[in-house]
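Student: coords below, sequence missing:
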């Protein structure tokens, strides 16, 4: 076991933490949005996670990946937000998630709305992998490191997520005018 | 055709999930970090700084070319702190508040960690624990245990991971009890008895917690394989430690 001095020595000052946080905040926001399944609250989650991580600076190891380290805080805070939200509105959400967007919206808006619903139908990890790959264009090795999952698993999550979304969007009740014809 | 459909989905995701400008958030965090940095000269005293001096100087200096920006940052920091104080403990009770108070006010990491554990156990009350929520380690990990009201918040704020929460986000296999190299925590929920907290950590993460002087709890420690385990309990003897198998 390391001595107290070495195990407690902060390897990041708060100012250095802030700099690194600034550099990685877009990726972290994507992780939050992926776990939440929506944009709303992602920034709140990020702030909560950052403050929690700041109070835990002594647990950061210099040889470890900063984004992966703080990503853990982001995921857990986001998961907690999501659970709270689900508990609060379980009945309403159930209704909404089973009901594709109405066709009185413009095609593109309707397609986007259905994509959101299809995304919601994925698991948190799959959703997060997909957003990290698609939106911030991380490669699979980076996703693997960030989420602490094997590279193959990250690839499989993305592939299956796309297939599942495509399948959902192709079902008759989800049929949209904005999808395949775009 | 399939590629085209994937592309349509990807385009839609990019449209809808493009990160917003996070400048405001980044500035708030920088301001809070700056205030913490001033309050904690310990790092400099220990001479621990893995970054080059040039980057340290850059990051420690406020943006001198714009004094008003610094004032705005301070205002943001105060506002953020107020928001936290008034909004955070909604579901979790005072332990979450204690986490941040103590992070700023208590001198050593051991005392901070000890106070967090103390506050966690004292404040952790599960409004309606189901009857099957005796989450002892020897039982198979059960996702139902993680449904305890308040637990996820507290766990997140302690920076630990519920050991029985497996699969999905956690990266923990539900089949094998392999412990990943990260901090884990087990709360044994006893409907008719006291709550007992067990932390499992790799030695590098062990904060060697020191409970506050006025605590009613005790800490029992055990080294198992390459992990350090400690049980925080109101009882006179550990109840879970001896059952842990790695």
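Tutor: Done, it's in. Please read these numbers as outputs of a predicted model, since none were measured by experiment. Numbering: from 1, shown residues only, chains lettered A, B, ... in the order given.
Student: how many residues are close by residue A:33?
Tutor: Using other Cβ atoms under 10 Å in any protein chain shown, residue A:33 has 27 neighbouring residues. Every C-beta, even on glycine, is put in place using the N, C-alpha and C of the backbone.
Student: skipping adjacent residues, who's closest to it in space?
Tutor: residue A:42 (4.3 Å; Cβ to Cβ, 6 or more residues apart in numbering or on different chains).
Student: quick check: that neighbour touching residue A:26?
Tutor: No. Using Cβ atoms under 8 Å, residue A:42 is not in contact with residue A:26; the gap is 10.9 Å.
Student: more neighbours, these two?
Tutor: A direct count of neighbours by other Cβ under 10 Å for residue A:42 and residue A:26 places residue A:42 higher, at 26 against 15.
Student: for that one, what are its contacts?
Tutor: A:29, A:32, A:33, A:36, A:78 (Cβ atoms under 8 Å, 6 or more residues apart in numbering or on different chains).
Student: show me the contacts for the fourth one.
Tutor: I take that to be residue A:36. A:42, A:45, A:78, A:81, A:82, A:85.
Student: measure the fourth one to residue A:137 for me?
Tutor: Pointing back at residue A:81 there. For residue A:81, the distance to residue A:137 (Cβ to Cβ, to the nearest Å) stands at 25 Å.
Student: out of the two, which sits in the busier spot?
Tutor: Using other Cβ under 10 Å, the more surrounded residue of residue A:81 and residue A:137 is residue A:81, with 22 against 9.
Student: what pLDDT does the more buried one get?
Tutor: Model confidence at residue A:81, given as pLDDT, is 82.
Student: touching chain B at all, the helix or strand harbouring it?
Tutor: Using DSSP states H and E, the element containing residue A:81 is helix A:66-88. Yes. Interface with chain B: helix A:66-88 contributes A:72, A:73, A:75, A:76, A:77, A:79, A:80, A:83, A:84 (Cβ under 8 Å from any Cβ of the partner chain).
Student: mind listing what the third one touches?
Tutor: When you say that, I think you mean residue A:75. A:31, A:35, A:124, A:128, A:147, B:169.
Student: what is the nearest of those residues to residue B:234?
Tutor: residue B:169 (31.4 Å; Cβ to Cβ).
Student: do you know how far the residue nearest to residue A:20 when sequence neighbours are not counted is from residue B:23?
Tutor: Nearest in space to residue A:20, with sequence neighbours left out and distances taken as Cβ to Cβ, 6+ apart, is residue A:66 at 4.9 Å. Between residue A:66 and residue B:23 the computed distance is 20 Å (Cβ to Cβ).
Student: more crowded one of those two?
Tutor: Set residue A:66 next to residue B:23 and count neighbours by other Cβ under 10 Å: residue A:66 wins out with 18 against 10.
Student: so the more buried one is in contact with residue A:57, correct?
Tutor: No. The pair residue A:66 and residue A:57 does not pass the contact test of Cβ under 8 Å, sitting 10.9 Å apart.
Student: between those two, what contacts are shared?
Tutor: Taking Cβ under 8 Å, 6+ apart as the contact rule, residue A:66 and residue A:57 both touch residue A:12.
Student: tell me, how many residues neighbour the closest residue to residue A:35 other than its chain neighbours?
Tutor: Spatial nearest neighbour of residue A:35, excluding adjacent residues (Cβ to Cβ, 6+ apart): residue A:78 at 3.6 Å. Number of residues near residue A:78 (other Cβ under 10 Å) recorded here: 29.
Student: I figured residue A:78 was touching residue A:32, is that so?
Tutor: Yes. With contact defined as Cβ under 8 Å, residue A:78 reaches residue A:32; the gap is 4.7 Å.
Student: residues in contact with both of the two, list them for me.
Tutor: Common neighbours of residue A:78 and residue A:32 (Cβ under 8 Å, 6+ apart) are A:42, A:45, A:49.
Student: where does chain B have low pLDDT?
Tutor: Residue ranges of chain B with pLDDT under 70: B:1-3, B:37-109, B:120-121, B:123-196, B:202-205, B:226, B:239-246.
Student: what's the domain layout of it?
Tutor: Following automatic domain parsing, one finds the domains of chain B at B:2-90, B:131-243.
Student: ok, which stretches of chain A are helices?
Tutor: Counting by DSSP state H, residue ranges of the helices within chain A are A:4-8, A:14-36, A:42-54, A:66-88, A:90-97, A:107-120, A:124-134, A:140-147, A:151-170.
Student: nearest to residue B:238, of the ones you listed?
Tutor: helix A:4-8 (22.5 Å).
Student: quick one: mean pLDDT for the closest one?
Tutor: 39.
Student: before we move on, what about stretch A:31-49?
Tutor: The pLDDT scores in stretch A:31-49 average 88.
Student: ok, now stretch A:84-101?
Tutor: 57.
Student: what residues of stretch A:37-53 count as buried?
Tutor: A:37-39, A:41-53 (16 or more other Cβ atoms under 10 Å in any protein chain shown).
Student: helix, strand or coil for residue B:198?
Tutor: strand (DSSP: H, G, I helix; E, B strand; the rest coil).
Student: residue B:21 now?
Tutor: Taking three-state DSSP, the label given to residue B:21 is coil.
Student: over to it: give its phi and psi.
Tutor: Main-chain torsions, residue B:21, degrees, to the nearest 10: phi -70, psi 130.
Student: could you measure from it over to chain A?
Tutor: 10 Å (Cβ to the nearest Cβ, to the nearest Å).
Student: quick one: residues contacting the nearest residue to residue A:79 once chain neighbours are set aside.
Tutor: Spatial nearest neighbour of residue A:79, chain neighbours left out: residue A:35 (5.6 Å); criterion: Cβ to Cβ, 6+ apart. Shown in contact with residue A:35 (Cβ under 8 Å, 6+ apart): A:45, A:74, A:75, A:78, A:79, A:82, A:124, A:127, A:128, B:169.
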